[in-house]
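J.: Sequence and predicted model, in that order:
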Amino acid sequence: GQLMHALSHDAALYTDGGGKVSAAVLPILGPDRISRFFAGVLKKLQPGFSYKTAMVNGQPGIVTYEHDSPASVFTFLIEDMRISAIYIVVNPDKLRHIR
């Protein structure tokens, strides 16, 4: 739906699990595949999930939580008013400083 229209035709999604948690090893390429990835993730959400918008390294981002503990950080690369890249960090070592 709306996500497809916000993504550039060559958008890519990258995840960083640091080998500690499940993450996509290869980039997910293209609006269709990225949308399907998020549809799959949404189906698996558990009670206790929440999120908030936040500034991440000076850019707008999203922090997700599982039972009030940081679970992931999303950042976006915007080019020509479209999202050209999404970066998702789920590596617990990189989330320790997030509140």
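T.: Nice, I can see it.

J.: Leaving out chain neighbours, which residue sits closest to the residue lying farthest from the centre of the chain?
T.: The C-alpha centroid of the chain is most remote from Asp80, which lies 20.0 Å away (C-alpha atoms, centre = their mean). Distances taken as C-beta to C-beta, 6 or more residues apart in numbering put Ser8 closest to Asp80, at 7.1 Å, once the chain neighbours are dropped. Bear in mind the C-beta positions are built from the backbone N, C-alpha and C, glycine included.

J.: Surely that neighbour touches Arg82?
T.: Yes: if you go by C-beta atoms under 8 Å, Ser8 and Arg82 touch, sitting 4.1 Å apart.

J.: Count the neighbours of the residue nearest to Gly30 when sequence neighbours are not counted for me.
T.: Sequence neighbours aside, Ala11 is the residue nearest to Gly30 in space, at 6.7 Å (criterion: C-beta to C-beta, 6+ apart). By other C-beta atoms under 10 Å, the residues close to Ala11 number 26.
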